[in-house]
Each structure stands twice: as C-alpha cells, then as structure tokens.
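Peer 1: Pasting the sequence and the predicted coordinates here, then a few questions.
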Amino acid sequence: MTGGHVAGLLLAAGAGSRMGTPKALVRSADGRPWVERAVTTLVDGGCDEVVVVLGCAAHEARALVPRWAVVRTVVAPDWATGVSASLAAGLDVLSAAPAPRGAATALVSLVDLPDLPAAAVDRVVGDAGGRPDAVRRAAFGGRPGHPVLLGRAHWSGLLAALRASAGSAAVADRGAGPYLAAVGAEPVDCGDLWDGRDRDLPS
C-alpha cells in the first residue's frame, strides 16, 4: 500500500440481537476479542490510526480495545437507530482533524468480520490512500462487501445522506450502501483472500 494518511474506522456499536450479545464483546474460540482482532487487522493492513465506534455496552467494550497510541474510541449516542448512526459518529471524529493533519481517506470495516485478512485491507486501499476523491469497496464474486475506502472529499456528502435517512429505520440500517452505489464505488475483488461474510449468529 502507498499513499497518504489512512484512518481505519471500525463500527462496533450494535446490540448483536441475533448473536445474543453485543458483537464488540464477542471473543473467538481462543478467547481473543473480535474488536482486538479487528483493530490489529486494520493496523497490519496499513491504517495509520483507528477509530473504534462503540454503542451498546460501550463501557465493557472499551476495555477490550487495544490501548495503543494510534487507537481511540468514540460512542455513538444514537447507535440503536442503525449502522448509519455509527458511521456518522466516526466520520464526525475524523472530519474534526482537517487536512493535511487529518486523514485523506477512511477505511471502514465492521467488528463482525473476525476473519478479515490484513491483505484485503491493503488491497482495498492500494494506491488510493492519499486520494481524497477515492471511493472503493471490497467485492466477492461480484457481491459488494467490506472494507470500504472513502476519500475525504466524500465525507460531507455521505454525512448529509446518512442524516437525511435518520428518520427511516430501514434506510438508516443500510449505512453507506446507497451513497456508494450512487457515486459508483470502484469494486476491488478480494474473493481470493476471503469469503467476505460477516458473523451474525453464534458459532
């Protein structure tokens, strides 16, 4: 990976109703927290910093987040309204640090992707890490997925779209999907690295 400052944005705020517990509290069979695995993957994949967005059980989840200098947490107060609220909270934090000190791009991932390889993070960022106009997302056999790379030039437009959808639970739970489709996000095939599936149910 080459390019400018890349911020990892890890969404980990949900209640995990189908999982039976908030996903930010879930651990792998070896006892390692999913949130720790996800942060490590983003850093190993080339992110210069990571913002972890918490919500449900935020106090307990914060204790599982690695205490590294490049990692910080934020709580989305309206996390229960859907993934859009978590994404907006994270982008607000990143937007508060203007360029050139702030990130040129945000690499968005989800805590319920414990098998996400660092190689997929690196591939999605590629040579676009310093491009504020970049919009890319991982694809798996033509199916769009995560991670997603969003250049700074798109943050304000996406935030406006997310807030416009806040009144509709169905739309708010779709996150950046409609915006990415509208702007024609570049697909980056990662099917040779991983299946791209999230984990919604206890294993």
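Peer 2: Yep, it's here.
Peer 1: ranges for the helices of the chain?
Peer 2: Ranges of helices in the chain, per DSSP state H, are 34-44, 58-62, 83-95, 118-125, 155-164, 169-172, 177-183.
Peer 1: nearest to R197, of those helices?
Peer 2: With distances scored as CB to CB, the stretch of the helices of the chain nearest to R197 is helix 118-125 (12.6 Å). The C-beta positions use only the backbone N, C-alpha and C, and glycine is treated the same way.
Peer 1: That closest one: how far from the chain's middle?
Peer 2: 13 Å (CA atoms, centre = their mean, to the nearest Å).
Peer 1: buried set for it?
Peer 2: A118, A120, V121, D122, R123, V124, V125 (16 or more other CB atoms under 10 Å).
Peer 1: Tell me how many other residues crowd the residue lying closest to A76 once chain neighbours are set aside.
Peer 2: Of all residues beyond its chain neighbours, the one nearest A76 is A89 (3.7 Å), with distances taken as CB to CB, 6 or more residues apart in numbering. By the measure other CB atoms under 10 Å, the count of residues near A89 is 23.
Peer 1: gap between A89 and P100?
Peer 2: Counting by CB to CB, to the nearest Å, the gap from A89 to P100 is 24 Å.
Peer 1: which residues pair with L9 across the strands?
Peer 2: In this entry, L9 is beta-bridged to V51, V108, by DSSP bridges.
Peer 1: list the contacts for it?
Peer 2: Listed by CB atoms under 8 Å, 6 or more residues apart in numbering, the contact partners of L9 are V50, V51, V53, L87, G90, L91, L94, A106, L107, V108, S109.
Peer 1: who's in contact with the residue nearest to A76?
Peer 2: A89 touches A13, V53, V74, V75, A76, P77, W79, counting by CB under 8 Å, 6+ apart.
Peer 1: ok, now D92?
Peer 2: Residues in contact with D92, defined by CB under 8 Å, 6+ apart, are L159.
Peer 1: ok, now how distant is it from P77?
Peer 2: Distance of D92 to P77, computed by CB to CB: 11 Å.
Peer 1: can you count the residues close to P144?
Peer 2: 15.
Peer 1: is it true that W194 touches V121?
Peer 2: No. Between W194 and V121 there is no contact under CB atoms under 8 Å: 10.7 Å.
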